[in-house]
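1. below are the sequence and a predicted model; questions follow.
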Amino acid sequence: MLTILAAGSMFFPGLFLLSKQCLKSIPALRWSEGDAVIVSARLVSSVQAVMASSAGYIIASSCEDILEDQHWLTSSYIMFAVPYFVYDIYAMFMCYWYKLRVKGHEEASAAPQHMSTALTSYLRREFLMVLHHVVMVTVCFPVSVYWRQGKGDYFQGVLFMAELSTPSVCLGKILIQYKQQHTLLHKVNGALMLITFFICRVLLFPYLYYAYGRYASIPFHMVPLSVPWHCNLGAALLMAPQLYWFSLICRGALRLFTGSSRRSCPTSGPAKERQTDGNALPQPANGYSALSSDPDLSTH
């Protein structure tokens, strides 16, 4: 197990550094440090999402008995992925650090000059996402590996597949970062993000209750009364931020698909400049912004 944990600790930061170096050094690209950091962080998140979703599908499809069947990949991937959540806190901070210094932002002149000041600002702005990552490491990890005692691998596999929404989220953030909100790709990706997030992260928890109810031959509405209280508490705590982030996605999607005509109307002077610059304020590192005119959204 320690070997797998060490492998994850090297893989995710190593992939980030390798991607960043390639984006900076490839002659056809030669991106700036900030651009390379932001895109590399999205790439690593997408790779982790594909790996987690694939592992989840393999696990869930291999378990006929959703409570008793076990699959070796369950605990192995949990151990491998835990370092990702630690690394991602750092990666989100680096994205936040460079976004504050993007030329043309209104906050550029007020960007923190010292790392400690920037860190405080980052933790305040990204408190919910950082808390989510910390809980994944300090609570979900020991519960999933030790407390379950080998039961419920099917449910763990289904939870892994929640990451299926992440690649479209990451692509949306990159498109917004480089002001491609007007493109067809951004609109198609926005619709895909809305659908996949709703299915994989909102409907996920009712489905888990439905699956258990079918397994135990009890009505769906009786499942919360039939499972241990800590299972209900854990599901509620995991679902609450997903509902919040989904509400932000819906608000962003509403602006995306209904605001095109308003943005195309001619305006004059500074008002037009403010309207056409959807990134006048730096986006949160996690991307869930209710201030932006387009959805720049993220999850883990």
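-> That came through, no problem.

2. buried ones in stretch 184-198?
-> Of all the residues in stretch 184-198, those buried under the rule 16 or more other C-beta atoms under 10 Å are 186, 187, 189, 190, 192, 193, 194, 196, 197, 198. Where you see a C-beta, it was placed from the backbone N, CA and C, and this is true even at glycine.

3. can you tell me how far the fifth one sits from residue 171?
-> For residue 192, the distance to residue 171 equals 9 Å [C-beta to C-beta, to the nearest Å].

4. same question for residue 5.
-> 30 Å.

5. looking at these two, which is more packed in?
-> Higher neighbour count among residue 5 and residue 171: residue 171, with 18 against 14, using other C-beta atoms under 10 Å.

6. which ones are touching that one?
-> Contact analysis of residue 171 by C-beta atoms under 8 Å, 6 or more residues apart in numbering lists 42, 46, 189.

7. got the phi and psi for residue 68?
-> Dihedral pair for residue 68: phi -100, psi -30, per degrees, to the nearest 10.

8. could you find the closest non-adjacent residue to it?
-> Spatial nearest neighbour of residue 68, chain neighbours left out: residue 151 (6.7 Å); criterion: C-beta to C-beta, 6 or more residues apart in numbering.

9. ramachandran angles for that neighbour?
-> Phi and psi for residue 151, reported as degrees, to the nearest 10, are phi -100, psi 150.

10. and it, how many neighbours?
-> If you count neighbours by other C-beta under 10 Å, residue 151 ends up with 15.

11. and the buried residues of stretch 184-198, which two are the farthest apart?
-> Put simply, by C-beta to C-beta the two of those set farthest apart are 186 and 198, 18.7 Å from each other.

12. list just the nearest of the buried residues of stretch 184-198 to residue 60.
-> Set against residue 60, the nearest of those by C-beta to C-beta is residue 196 (16.9 Å).

13. right, and the closest one touches residue 165 too?
-> Yes - under the criterion of C-beta atoms under 8 Å, residue 196 makes contact with residue 165 at 4.0 Å.

14. quick one: the strands in the protein?
-> Secondary structure of the chain (DSSP state E): no strands located.

15. so where's it shaky on pLDDT?
-> Applying pLDDT under 70 to the chain flags the ranges 102-113, 259-300.

16. how about stretch 164-179 as CSV, C-alpha atoms only?
-> What follows is stretch 164-179, C-alpha atoms only, in CSV (Å, rounded to 0.1, in the frame of the first residue of the first chain):
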residue,chain,number,x,y,z
LEU,A,164,-16.6,11.8,-15.4
SER,A,165,-17.8,15.4,-15.4
THR,A,166,-14.3,16.9,-14.7
PRO,A,167,-12.8,16.9,-18.2
SER,A,168,-15.5,19.1,-19.6
VAL,A,169,-15.2,21.4,-16.5
CYS,A,170,-11.4,21.7,-17.1
LEU,A,171,-11.9,22.5,-20.8
GLY,A,172,-14.5,25.1,-20.0
LYS,A,173,-12.1,26.8,-17.6
ILE,A,174,-9.3,26.9,-20.3
LEU,A,175,-11.7,28.3,-22.9
ILE,A,176,-12.8,31.1,-20.5
GLN,A,177,-9.2,31.8,-19.4
TYR,A,178,-8.3,32.5,-23.0
LYS,A,179,-11.6,34.4,-23.8
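
17. now residue 174: closest residue in space, sequence neighbours ignored.
-> residue 42 is the one closest to residue 174 (C-beta to C-beta, 6+ apart), at 5.5 Å.

18. contacts only, for the one you found.
-> 170, 171, 173, 174.

19. of those, closest to residue 74?
-> Of these, the one sitting nearest to residue 74 (C-beta to C-beta) turns out to be residue 170, at 25.0 Å.

20. number of residues surrounding that closest one?
-> By the criterion of other C-beta under 10 Å, residue 170 has 25 neighbours.

21. equivalent analysis for residue 125, please.
-> By the criterion of other C-beta under 10 Å, residue 125 has 15 neighbours.

22. how close does it sit to residue 136?
-> 19 Å.

23. okay, buried residues for stretch 210-230 please.
-> Neighbour-count burial for stretch 210-230 flags 211, 212, 213, 223, 227 (criterion: 16+ other C-beta under 10 Å).
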